[in-house]
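Enquirer: let's see this in three dimensions:
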Amino acid sequence: MGLAKLLIISLFLPNSLSLLVGSFRINGYRIILLAACLFSLSQLLNSRPRPSRTADRSVLAFGVWGVVALIANHEFSQALESGGIFFAETVGAYFIGRNCIASKDDIEKLAKFLIGAIIWLLVVTLPEMLTGVNVVWSLARVWGGASLSHIGERFGLTRAFGPFDHPIINGVICASLFGLAIKVYWRNKPIRVVAVILAAFTSISSGAVASIMVQSLIATWLSWTKGWRKQWVPLGLVLLIVYVILDLLSNRSGLKVIISYLTFSPGTAQWRLLIWEYGLDNVWANPLFGLGFNDWVRPEWMRSGSMDNFWLVNAVRYGVPGFLLLATVTLTLCRANAKHRESVLGGGWVIGVSGLIVSGCTVHFWNQAYVFFMFYLGLGAAICDFEVYSGKAAGKVAVPGK
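Expert: Numbering: from 1, shown residues only. Here you go, the predicted structure:
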């Protein structure tokens, strides 16, 4: 679990302190991930079959396919450099989360460590939201880091970066811990759950707000249907019925209605719908290998190349196979953890990853947010396998390769 904690801590260091070796940017979490990749692969090859094996193999396939897609779209040297980083951040982060649990206590300890890190982040982000002063970036500038440029205000408040490269990254990471916080602290220390919500709000990001909203609804549903044998299938049917009603009663499509409520302004909602429309055109035009890091095709008046949809970005960059492999990892782990009704933290993980799935439809995950997402998927695999093996190994997981 020590390596997992070290990775988490490294994600809270500003990237402005990175070192450039040629065009290669080296920071704390990349060093850890590069070192973890070889060890993780050896564990995968030597481990016995386990419930999350499909997810493990799909992650590895996604990492390899991403490199292949980059080679198909760029010069070999550039593709190898970018592909190596992509592979390390994808596979390395996943397997650090995947192998971080060796006992029952480790699950709760790591959850509390993650939640505690988010709460401590308020020491930086809350003053920044209120005053516009970012202490972390100010210190980093003294030590030779780059300056921070704020991207504006919402509701008269500054969108807090914290130690990250963008408020969106701050919001995505903070909001994703809401589900685990509910399971760990809601009954005895609800103030910590409130603190996680506040930490997410300091980003004033629609992705963070959408994540909290979805997690709240799912947590409420699971609480109301606690005695039901099946909870997730009826929830899916309810969501489908709601979508159909919205589609029938509104003069807009159901998708447009939902996106309008997941953003802070009608203009932002319309812009994201345009991104979705033209982004899909790029996917169908390049379905196998995608575009890599090449610019996507869009009208001249859409000057910004930003694509605020994590799932769409992966389809555009790495083609349909890349998107399907990543979706397979995510949905496989959701289904596996949802089966274990008695797993408190497994349920919290499913709630949290549901928020990440939804926020990924409104924002993109990059840098620390992407590494955290892959680590979080690996953590879901670890929790799932522990629930299966704990009864067979007296509270211990069979460590791969041993």
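Enquirer: where does the chain have low pLDDT?
Expert: Residue ranges of the chain with pLDDT under 70: 20-24, 39-52, 141-152, 243, 246-267, 340-343, 387-402.
Enquirer: dump the residue contacts of Gln78.
Expert: By CB atoms under 8 Å, 6 or more residues apart in numbering, the contact list for Gln78 reads Leu70. For glycine as for every other residue, the C-beta is placed from the backbone atoms N, C-alpha and C.
Enquirer: so which strand or helix has it?
Expert: Using DSSP states H and E, Gln78 maps to helix 76-87.
Enquirer: dump whichever helix or strand comes after that helix to CSV, keeping only the CA atoms.
Expert: Later in the chain than helix 76-87, the nearest helix or strand by DSSP H and E is helix 93-98. Extracted as CSV, the C-alpha positions of helix 93-98 are listed here (Å, rounded to 0.1, in the frame of the first residue of the first chain):
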residue,chain,number,x,y,z
ALA,A,93,-1.5,3.6,-12.5
TYR,A,94,-4.0,0.8,-12.9
PHE,A,95,-1.8,-1.9,-11.5
ILE,A,96,-0.6,0.2,-8.6
GLY,A,97,-4.2,0.5,-7.5
ARG,A,98,-4.7,-3.2,-8.5
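Enquirer: which stretches in the stretch 151-300 of the chain count as strands?
Expert: 153-154, 157-158 (DSSP state E, counting those that start in this stretch).
Enquirer: most tightly packed of those?
Expert: For those, the largest average neighbour count (mean count of other CB atoms under 10 Å) is found in strand 157-158, namely a mean of 18.
Enquirer: for that strand, packing partners?
Expert: Applying 3 or more CB pairs under 8 Å, 6 or more residues apart in numbering; DSSP states H and E, one finds that strand 157-158 contacts helix 104-131.
Enquirer: list the buried residues in the helix it packs on.
Expert: Judged by neighbour count (16 or more other CB atoms under 10 Å), helix 104-131 contains these buried residues: 106-107, 110-111, 114-115, 117-119, 121-122, 124-129.
Enquirer: and it, what does it pack onto?
Expert: Applying 3+ CB pairs under 8 Å, 6+ apart, one finds that helix 104-131 contacts helix 2-11, helix 135-142, strand 157-158, helix 167-176, helix 178-185, helix 190-201, helix 344-359, helix 368-389.
Enquirer: nearest to Ala338, of the ones you listed?
Expert: helix 344-359 (5.5 Å; CB to CB).
Enquirer: buried residues, that closest one. List them.
Expert: Buried residues in helix 344-359 (16+ other CB under 10 Å): 345-359.
Enquirer: kindly calculate the angle that that helix makes with helix 178-185.
Expert: 160 degrees (axes from the mean of the first three to the mean of the last three CA atoms, to 10 degrees).
Enquirer: may I have helix 344-359 as PDB, with CA atoms only?
Expert: What follows is helix 344-359, C-alpha atoms only, in PDB (Å, rounded to 0.1, in the frame of the first residue of the first chain):
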ATOM      1  CA  VAL A 344     -19.400  -1.500   2.000                       C
ATOM      2  CA  LEU A 345     -16.400   0.000   0.200                       C
ATOM      3  CA  GLY A 346     -17.100  -1.900  -2.900                       C
ATOM      4  CA  GLY A 347     -20.500  -0.100  -3.000                       C
ATOM      5  CA  GLY A 348     -18.700   3.200  -2.300                       C
ATOM      6  CA  TRP A 349     -16.300   2.500  -5.200                       C
ATOM      7  CA  VAL A 350     -19.200   1.800  -7.600                       C
ATOM      8  CA  ILE A 351     -20.900   5.100  -6.600                       C
ATOM      9  CA  GLY A 352     -17.600   7.000  -7.100                       C
ATOM     10  CA  VAL A 353     -16.800   5.500 -10.400                       C
ATOM     11  CA  SER A 354     -20.400   6.300 -11.600                       C
ATOM     12  CA  GLY A 355     -19.600   9.900 -10.900                       C
ATOM     13  CA  LEU A 356     -16.400   9.700 -12.800                       C
ATOM     14  CA  ILE A 357     -18.300   8.100 -15.800                       C
ATOM     15  CA  VAL A 358     -20.800  11.000 -15.900                       C
ATOM     16  CA  SER A 359     -18.300  13.800 -15.300                       C
END
